[in-house]
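Asker: From the sequence below, what's the structure:
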Amino acid sequence: MNFEKEIKTALVSNNLLIYISTEEEERLEYILKHTIDQMFKTKIYSWNFIDGYIDNPNYISQCIQNPLEALNTITKYDNHKAKVFFLKDFHFFLKDISISRKLKNLYQYLNRSNQYVILSGTEINLPTELKEYILYLQMPLPNKKEILIELNRFLYKENTGTSPYKENICMAYTGFSINKIRKSLSKLMLNKISKHQIIEHILQEKEKIIQKTEGLKFYSPENNILEVGGLQNLRDWLKIRNLAFTKKAHSYGIKTPQGILLVGVQGTGKSLSAKTISNEWNMPLFRLDVSKIFVGILGESENRIEKVIHLCEKNSPCILWIDEIDKIFNEYNNTNDSGTKQRVTNIFLTWLSEKKQEVFIIATANTVSQLPIEILRKGRFDEIFFVDLPNFKARLKIFQIHLKRYRLITWNKYNIYYLSKISKGFSGAEIEQSIVNAMYTGFYSNREFTTIDIQNAINEMIPLSMIERKKILNLRKWGYSGKTKIA
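Answerer: All right, here's what the predicted structure looks like:
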């Protein structure tokens with residue numbers, strides 16, 4: 001259902017007071033005027049704090065900078081001529097007791113006079129005492145069809161190539177408002193950005209927008225190939241679901257994948273897997289930094305997690321990467337937070353179960369001991385994978401990947417078979433570090449680093465599997481208990 005139909009349904013269903021949250025006031029007013037004209041063959045009466053009712057000069061002086069009088073004035077209009085009133089920026093006034101009481105009183109009048117009041121604002125939460133009286137709607141950002149209209153308006157003179165090219169631009173502009181799309185397109189045209197650089201510039205703009213949201217970092221899909229050594233079962237599982245977000249998959253009746261939880265030893269490629277999936281699926285990746293969600297101000301932590309959820313939904317289809325999710329239930333697990341941790345957890349878990357937008361979750365954890373049973377049960381995630389330390393075959397692949405990255409031409413001169421044999425118990429991150437340490441040795445001696453340098457680095461390094469031997473043994477015992485899949 002598009003938003004115009006949603007408004008019509010709300011009005012027909014006798015919702016007399018409607019609150020619409022949006023940052024696109026101009027676009028909302030355009031949609032409302034068009035909808036009201038279709039339904040009632042009349043214009044909509046608009047009010048704002050500075051100008052009052054701009055459609056009726058009789059009430060301008062009374063309602064300027066006076067939201068309470070703006071509500072009182074509604075009862076003075078001829079109800080045969082005025083059907084719908086649109087009051088802007090009303091989120092600023094809803095917590096005022098006089099405004100709250102007046103809206104409740106006004107509800108009875110609207111019911112008798114068959115009139116409607118639509119309030120707009122940027123807040124996504126209504127005061128509890130008004131939830132029984134006001135229907136809350138959230139205006140979505142432009143859909144693909146609306147974005148395409150803007151593209152055709154700007155690019156009709158340009159030779160933009162085939163339809164897939166426009167499809168990619170539409171995907172890049174997902175999460176932008178109409179106003180931001182127009183400004184961006186104007187800037188691209190003015191600077192004569194080449195066809196091949198347009199999407200890159202759009203994604204750079206998107207990154208700047210998302211940086212303003214506390215706790216989120218944006219990663220655009222990269223052109224370079226990221227490789228993960230091992231994890232074959234995980235890669236096979238993801239490969240089968242690669243096309244699950246396409247129209248063809250929807251037509252087939254396939255349910256959109258919810259997400260995965262990766263549990264395992266540090267440095268085994270859990271974080272790299274998130275970036276790799278983003279690249280292979282060609283979907284934007286958002287990384288949630290839990291430490292920036294929890295703040296001391298009462299109610300602010302809940303507000304931040306809701307904003308994160310809202311932004312991800314606006315940019316769907318996308319991937320939300322929650323690194324070290326176990327920290328939510330460990331670092332912030334105290335009795336002096338006034339229940340903040342529990343409320344944030346409840347908001348997130350409810351969203352995990354009920355989300356309808358195409359947001360694929362990749363959560364990583366180093367332990368399961370701090371994770372509540374609600375996270376681990378089926379329904380929150382499609383699958384839970386245990387990411388173990390790499391076996392011999394995986395270590396071969398990891399040495400090959402990193403040596404190719406540092407010595408693309410001469411990588412095969414290194415005895416990776418022997419190095420893989422002596423690095424048992426090493427994580428992928430530790431294998432990479434052994435190569436880095438060997439490079440320091442070679443550079444200091446003014447020569448190329450060798451297999452022996454890497455061997456010495458391995459012998460000098462104490463891996464985490466030795467330092468935290470007991471913890472990792474317990475984690476592996478859980479991983480191979482049959483409660484989870486092996487990655």
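Asker: all contacts plus neighbour counts: C-alpha atoms, from now on.
Answerer: Fine.
Asker: Which residues in stretch 375-391 does the neighbour count mark as buried?
Answerer: The neighbour-count check on stretch 375-391 (16 or more other C-alpha atoms under 10 Å) flags 375-376, 380-381, 383-391 as buried.
Asker: If you could redo that for stretch 395-405, that was the one I meant.
Answerer: Buried residues in stretch 395-405, defined by neighbour count with 16+ other C-alpha under 10 Å: 395-403.
Asker: Residue 350: which of the residues you listed is nearest?
Answerer: Checking the buried residues of stretch 395-405 against residue 350 with C-alpha to C-alpha, the nearest one is residue 398 at 38.2 Å.
Asker: any chance of the buried residues of stretch 375-391 in CSV, plus pLDDT?
Answerer: Compiled in CSV, the buried residues of stretch 375-391 are given as follows (pLDDT from 0 to 100):
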residue, pLDDT
375, 74
376, 73
380, 77
381, 84
383, 87
384, 87
385, 88
386, 87
387, 86
388, 86
389, 88
390, 88
391, 88
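Asker: Which ones among the residues you listed map onto strands?
Answerer: 383-387 (DSSP state E).
Asker: quick one, strands of the stretch 1-150 of the chain?
Answerer: Ranges of strands in the stretch 1-150 of the chain, per DSSP state E, counting those that start in this stretch, are 17-21, 45-48, 52-53, 84-87, 116-121, 134-138.
Asker: Please name the residues that touch residue 169.
Answerer: 198-199 (C-alpha atoms under 8 Å, 6 or more residues apart in numbering).
Asker: starting at the chain centroid, how far to the strand or helix carrying it?
Answerer: Here residue 169 sits within helix 163-172, counting by DSSP states H and E. Remark: helix 163-172 is offset 20 Å from the chain centroid, using C-alpha atoms, centre = their mean, to the nearest Å.
Asker: Okay, buried residues for that helix please.
Answerer: Neighbour-count burial for helix 163-172, with 16+ other C-alpha under 10 Å as criterion, is recorded at 166, 169-172.
Asker: name the helices or strands packed onto the helix or strand that it is followed by?
Answerer: Next along the chain after helix 163-172, taking DSSP H and E as the criterion, comes helix 178-190. Packing contacts for helix 178-190, counted by 3 or more C-alpha pairs under 8 Å, 6 or more residues apart in numbering; DSSP states H and E, involve helix 144-155.
Asker: Now the helix it packs on - C-alpha only, CSV.
Answerer: Taking Å, rounded to 0.1, in the frame of the first residue of the first chain, the C-alpha atoms of helix 144-155 are listed here in CSV:
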residue,chain,number,x,y,z
LYS,A,144,11.5,3.5,-6.4
LYS,A,145,8.8,4.9,-8.6
GLU,A,146,9.1,8.4,-7.1
ILE,A,147,12.9,8.4,-7.4
LEU,A,148,12.6,7.3,-11.0
ILE,A,149,10.3,10.3,-11.8
GLU,A,150,13.0,12.6,-10.4
LEU,A,151,15.8,10.8,-12.4
ASN,A,152,13.8,11.1,-15.6
ARG,A,153,13.1,14.8,-14.9
PHE,A,154,16.9,15.5,-14.5
LEU,A,155,18.4,13.0,-16.9
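Asker: Quick one: mean pLDDT for it?
Answerer: Per-residue pLDDT over helix 144-155 has a mean of 80.
Asker: what residues does stretch 366-377 touch?
Answerer: Residues from elsewhere that reach stretch 366-377 (C-alpha under 8 Å, 6+ apart): 263-266, 324, 326, 329-330, 349, 380-381, 384, 475.
Asker: Also stretch 263-275?
Answerer: Contacts to stretch 263-275, defined as C-alpha under 8 Å, 6+ apart, come from residues 221, 226, 228, 262, 285, 321, 323, 362, 364-368, 384-390, 427-430, 472, 475.
Asker: Quick one: buried ones out of the residues you listed?
Answerer: 221, 228, 262, 285, 321, 323, 362, 364-368, 384-390, 427-428, 430, 472, 475.
Asker: taking those one by one, which sit in strands?
Answerer: Per DSSP E, the buried ones among the contacts of stretch 263-275 map to strands at 262, 285, 321, 362, 364-365, 384-387.
Asker: quick revisit: and the strands of the stretch 1-150 of the chain as CSV, adding mean pLDDT and mean neighbour count?
Answerer: Shown next, in CSV, are the strands of the stretch 1-150 of the chain (pLDDT from 0 to 100; neighbours: other C-alpha atoms under 10 Å):
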stretch, mean pLDDT, mean neighbour count
strand 17-21, 94, 23
strand 45-48, 91, 20
strand 52-53, 87, 24
strand 84-87, 93, 22
strand 116-121, 94, 22
strand 134-138, 91, 18
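Asker: Could you export those strands as TSV, including distance to residue 452?
Answerer: Listed next are the strands of the stretch 1-150 of the chain as TSV, based on distance: least, C-alpha to C-alpha, whole Å:
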stretch	distance to residue 452
strand 17-21	64
strand 45-48	75
strand 52-53	80
strand 84-87	75
strand 116-121	66
strand 134-138	62
